[in-house]
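Peer 1: Need the 3D shape of this:
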Amino acid sequence: MKIETTTEFRAKLEKQIQYISLDKPKAAKNFKSAIFSELKKLKEMPYKKQAK
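Peer 2: Numbers count the residues shown, from 1 in each chain. Now for the predicted structure:
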C-alpha cells in the first residue's frame with residue numbers, strides 16, 4: 001500500500017506543529033514523529049487498525 005500526503009495535509013500539519021511548539025517544542029517534535037510513525041505502520045499493515 002502506498003500512502004501519499006497532500007500539500008494541504010503537510011501544510012495543516014506544519015501549522016499544528018508550530019502552534020504546539022509555541023508552548024512545548026519537544027511535544028511538537030514528538031507529535032510529528034508519532035504521526036509519521038503511524039502512517040508508516042498503516043502503510044505496512046493497512047488492515048491492522050481497521051475498526052471492527
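Peer 1: what about the residue nearest in space to the middle of the chain, distance to Lys12?
Peer 2: Nearest to the mean C-alpha position of the chain, by CA atoms, centre = their mean, lies Ile35 at 2.3 Å. According to CB to CB, to the nearest Å, Ile35 and Lys12 sit 11 Å apart. In short, each C-beta sits where N, CA and C put it, glycine included.
Peer 1: Residues in contact with both of those two, list them for me.
Peer 2: When CB atoms under 8 Å, 6 or more residues apart in numbering defines a contact, no residue borders Ile35 and Lys12 alike.
Peer 1: what about Lys26, how many neighbours?
Peer 2: Using other CB atoms under 10 Å, Lys26 has 9 other residues around it.
Peer 1: What residues sit buried inside the helix or strand of the chain with the lowest mean pLDDT?
Peer 2: Least confident helix or strand of the chain, by mean pLDDT, DSSP states H and E, is helix 25-44 with a mean of 91. Using 16 or more other CB atoms under 10 Å as the test for burial, helix 25-44 gives Ala28, Phe31, Lys32.
Peer 1: would you turn those into TSV with distance to Gln18?
Peer 2: Putting those into TSV (distance: CB to CB, whole Å) gives the following:
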residue	distance to Gln18
Ala28	8
Phe31	11
Lys32	10
